[in-house]
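Peer 1: Starting from these lines, generate the structure:
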Amino acid sequence: MNSNANTQHGTRGGWLWVSAGVLAALIVVQGAGLIDSPAQAEMASSSGAYTMITTDGGNDEILVVVDSSQESLMVYRSDRNQGLQLLEREDLAGLFSRARARAFGRP
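Peer 2: This next block holds a predicted model:
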């Protein structure tokens with residue numbers, strides 16, 4: 001009975017060393033930068049008539065809001081000191097009209 005108890009403790013200790021080795025390997029891989037996954041601020045979300053899209057704007061974060069009930073597009077930027085600032089508001093119908101005209105070579 002004593003030898004059986006020693007065998008069970010030896011097995012538990014072996015798995016403990018294996019898990020410690022795996023954790024050490026993950027720390028080394030992460031520290032060496034072999035698994036490089038940069039954070040991205042790009043996300044889309046919908047709620048009712050609103051669709052919100054975030055993206056990286058260099059030094060700022062950009063929030064684009066599409067309001068389908070009023071058919072408008074609003075572009076905001078985030079500022080640490082002043083919060084969200086409205087950069088642009090566009091009527092979607094006018095925006096698509098101008099895009100079609102440019103596609104066919106008209107200014």
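
Peer 1: What's the first helix or strand after the worst-scoring helix or strand of the chain on mean pLDDT?
Peer 2: Across the helices and strands of the chain, mean confidence by mean pLDDT, DSSP states H and E is lowest for helix 2-32: a mean of 67. Moving toward the C-terminus from helix 2-32, the next helix or strand (DSSP states H and E) is strand 43-47.

Peer 1: what lines up beside that next one in the sheet?
Peer 2: strand 50-57 (antiparallel) (DSSP bridges).

Peer 1: Please identify the buried residues of the strand it pairs with?
Peer 2: residue 54 (16 or more other Cβ atoms under 10 Å). C-beta here means a position set from N, CA and C on the backbone, and glycine is covered the same way.

Peer 1: gap between it and the chain center?
Peer 2: 11 Å (Cα atoms, centre = their mean, to the nearest Å).

Peer 1: pLDDT averaged over that strand, what's the number?
Peer 2: Averaged across strand 50-57, pLDDT comes to 85.

Peer 1: Walk me through the domains of the chain.
Peer 2: Following automatic domain parsing, the chain resolves into domains at 1-37, 43-103.

Peer 1: and among the ones you listed, the most buried is which?
Peer 2: domain 43-103 (a mean of 12; mean count of other Cβ atoms under 10 Å).

Peer 1: ok now that one, how far from the chain's centre?
Peer 2: 18 Å.

Peer 1: Mind listing residues that contact stretch 88-95?
Peer 2: The contact list for stretch 88-95 (Cβ atoms under 8 Å, 6 or more residues apart in numbering) reads 66, 71-75.

Peer 1: if you set the cut-off to 7 Å instead, what comes out?
Peer 2: 71-75 (Cβ atoms under 7 Å, 6 or more residues apart in numbering).

Peer 1: Once you drop chain neighbours, what's closest to residue 65?
Peer 2: residue 74 (4.6 Å; Cβ to Cβ, 6 or more residues apart in numbering).

Peer 1: Kindly indicate whether the one you found is helix, strand or coil.
Peer 2: strand (DSSP: H, G, I helix; E, B strand; the rest coil).

Peer 1: if I look at it, how far off is residue 20?
Peer 2: 53 Å (Cβ to Cβ, to the nearest Å).

Peer 1: next one: residue 62
Peer 2: 44 Å.
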